[in-house]
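Peer 1: no sequence for this one, just the structure:
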């Protein structure tokens with residue numbers, strides 16, 4: 001599993017680095033202006049549907065079914081399952097796209113009520129969202145093909161595909177801006193084009209792997225297809241709960257002063273680095289591994305895989321969270337403070353980053369815990385937990401924004417995520433599906449001690465390296481700060497026994513059987 005996590009994590013890291021370059025370019029061109037607010041809402045809306053119908057509920061039901069069919073029934077049966085579901089998804093999502101484009105003003109009355117009545121943000125958001133909305137069809141089908149590749153233990157292409165999103169977005173912003181109304185329009189067209197290119201790339205990768213997926217074939221409602229659809233039901237509700245949480249944040253942020261949507265977006269992008277690199281990598285690699293191990297009766301191996309996933313997530317999430325909490329100002333200033341993004345926007349974004357950092361370990365741990373349910377075909381339990389979490393998140397957001405403004409939205413999300421983790425872990429332990437082994441119990445306090453030592457070093461170096469007047473000097477100082485922090489963390493963790501880098505390297509080099 002470590003090899004798979006490393007593969008997904010490496011490609012995701014490359015994508016996140018390019019994502020930072022894209023966000024730096026967006027910040028310089030758009031800043032935290034009404035135009036930026038409009039684009040970020042336009043980007044968020046198709047992503048809500050993508051996470052609802054694509055990566056979340058669908059993968060939870062499809063990947064275990066496909067992996068099991070591929071292992072026990074052979075490639076032909078697995079291919080038939082994938083093609084039938086691709087055809088059904090194409091028909092359904094095409095209808096969603098058409099309806100969304102037609103009724104976009106009414107939809108935004110609900111999702112961005114604070115923009116209604118404004119002469120700039122509301123009509124611009126409607127126009128941009130109509131441009132980006134077809135992205136959800138392309139990216140949901142791309143998520144299906146990614147699930148096919150992941151179910152075959154082929155992770156590289158699926159993990160590399162998001163790189164196209166960043167490259168095409170930057171190319172569109174730089175190349176299309178002179179030919180369209182605003183830079184935000186150029187970005188919106190880049191989003192849709194990137195979705196189509198990702199889908200085509202993944203279809204080609206699946207074909208090369210001997211698993212040709214045809215999204216527009218005639219659907220067949222076989223027993224296996226109906227099983228996946230039935231399991232998607234609770235998953236859709238569960239994913240819907242998560243998306244309701246995100247929608248609540250958008251709704252409340254739209255009611256706050258101009259710039260709130262942008263501050264939260266930029267802060268969230270920073271917190272998404274460890275979540276995407278480690279959380280997504282672990283979740284992606286763990287689900288098919290656990291599914292295959294449980295399907296073939298290897299319960300002890302599944303137990304070890306679950307523990308190693310938790311250990312791996314904490315090994316990276318703890319130092320990342322502490323770094324964001326102790327030096328948020330230098331991080332935001334170095335990455336975004338240039339062009340249209342001024343020092344006021346940097347300070348507001350840094351405050352939101354601290355709030356997101358408080359929940360970062362929880363965001364990542366959820367990715368390591370939910371496969372423990374999904375691999376056993378249990379998509380209902382996370383839904384029941386999510387119902388409680390969404391209610392808590394709503395109460396926290398409405399309460400905390402009264403005193404903390406946009407920071408209250410981020411803090412409420414973090415608190416709700418910790419409640420989610422505690423409930424999921426408790427249920428797994430109670431059902432005998434999670435027993436923390438001796439290696440994990442020994443490693444966690446040592447990893448925390450190493451992270452605290454790193455945080456102390458970062459605070460000392462911050463005083464020496466910052467502030468810097470030139471944006472490029474700030475970026476260089478941030479590279480020095482991050483490099484020193486990583487060296488301190490991994491060196492301390494190795495010295496006190498929190499992790500063994502030599503063992504990890506040996507496992508990564510080991511050839512697959």
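Peer 2: Cool, got the structure. None of these values were measured; they are calculated from a predicted model. Numbers count the residues shown, from 1 in each chain.
Peer 1: alpha carbons only for contacts and neighbour counts from here, please
Peer 2: Noted.
Peer 1: local confidence estimate at residue 268?
Peer 2: We have a pLDDT of 87 for residue 268.
Peer 1: and it, which of the three is it?
Peer 2: Three-state assignment for residue 268 (DSSP: H, G, I helix; E, B strand; the rest coil): helix.
Peer 1: who touches it in this structure?
Peer 2: Residue 268 makes contact with 353, 356, according to CA atoms under 8 Å, 6 or more residues apart in numbering.
Peer 1: against residue 354, how distant is it?
Peer 2: The gap separating residue 268 from residue 354 is 10 Å, by CA to CA, to the nearest Å.
Peer 1: remind me which helix or strand the most far-flung residue of the chain relative to its centre belongs to.
Peer 2: Computed with CA atoms, centre = their mean, the residue of the chain farthest from its C-alpha average is residue 464, at 33.6 Å. Assessed by DSSP states H and E, residue 464 sits inside helix 438-465.
Peer 1: residue 405 touches residue 254, doesn't it?
Peer 2: No - the criterion here is CA atoms under 8 Å, and residue 405 misses it with residue 254 at 11.4 Å.
Peer 1: tell me which of these two has more neighbours.
Peer 2: Neighbour totals were compared for residue 405 and residue 254, and residue 254 leads with 23 against 19 (other CA atoms under 10 Å).
Peer 1: tell me the spacing between the residue nearest to that one when sequence neighbours are not counted and residue 261.
Peer 2: Distance criterion CA to CA, 6 or more residues apart in numbering; nearest residue to residue 254, sequence neighbours excluded, is residue 114 at 4.5 Å. Look at residue 114 and residue 261: by CA to CA, they are 11 Å apart.
Peer 1: tell me, what's touching those two both at once?
Peer 2: What both residue 114 and residue 261 touch, as defined by CA under 8 Å, 6+ apart, is the set 253, 254.
Peer 1: looking at these two, which is more packed in?
Peer 2: A direct count of neighbours by other CA under 10 Å for residue 114 and residue 261 places residue 261 higher, at 27 against 21.
Peer 1: now that one: which helix or strand?
Peer 2: Short version, using DSSP H and E: residue 261 is in helix 260-274.
Peer 1: quick one: that helix to chain centroid distance?
Peer 2: 12 Å (CA atoms, centre = their mean, to the nearest Å).
Peer 1: what is the helix or strand that contains residue 128 packed up against?
Peer 2: Using DSSP H and E, residue 128 sits within helix 121-132. Identification of packing neighbours for helix 121-132 by 3 or more CA pairs under 8 Å, 6 or more residues apart in numbering; DSSP states H and E yields helix 34-50, helix 75-102, helix 104-111, helix 183-208.
Peer 1: can you list those in a markdown table and add mean pLDDT?
Peer 2: Supplementary listing: the helices and strands packed on helix 121-132 in a markdown table, determined by pLDDT from 0 to 100:
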| stretch | mean pLDDT |
| --- | --- |
| helix 34-50 | 84 |
| helix 75-102 | 86 |
| helix 104-111 | 88 |
| helix 183-208 | 92 |
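Peer 1: quick one: closest of the ones you listed to residue 342.
Peer 2: helix 34-50 (13.7 Å; CA to CA).
Peer 1: packing partners of the closest one?
Peer 2: Against helix 34-50 (3+ CA pairs under 8 Å, 6+ apart) you get helix 121-132, helix 135-151, helix 183-208, helix 223-255, helix 260-274.
Peer 1: tell me the most buried of those?
Peer 2: Comparing the helices and strands packed on helix 34-50 by mean neighbour count (mean count of other CA atoms under 10 Å), helix 135-151 comes out on top with a mean of 27.
Peer 1: which other helices and strands does the following helix or strand past that one contact?
Peer 2: Counting by DSSP H and E, the next helix or strand C-terminal to helix 135-151 is helix 156-160. Where contact means 3+ CA pairs under 8 Å, 6+ apart, helix 156-160 is packed against helix 2-30, helix 135-151, helix 183-208.
Peer 1: of those helices, which approaches residue 334 most closely?
Peer 2: helix 2-30 (9.5 Å).
Peer 1: still on that earlier bit, between the helix holding residue 261 and helix 34-50, how many degrees?
Peer 2: With axes from the mean of the first three to the mean of the last three CA atoms, to 10 degrees applied, the angle from helix 260-274 to helix 34-50 works out at 50 degrees.
Peer 1: helices along the stretch 301-450 of the chain, start to end?
Peer 2: Counting by DSSP state H, counting those that start in this stretch, the stretch 301-450 of the chain has helices at residues 328-336, 343-369, 371-374, 380-404, 406-430, 438-465.
Peer 1: which strands and helices sit next to the fifth one?
Peer 2: Think helix 406-430. Short answer (3+ CA pairs under 8 Å, 6+ apart): helix 406-430 packs on helix 223-255, helix 260-274, helix 343-369, helix 380-404.
Peer 1: which of those helices comes out lowest on mean pLDDT?
Peer 2: Of all the helices and strands packed on helix 406-430, helix 223-255 carries the lowest average pLDDT, namely a mean of 69.
Peer 1: and residue 77, how many neighbours?
Peer 2: 14.
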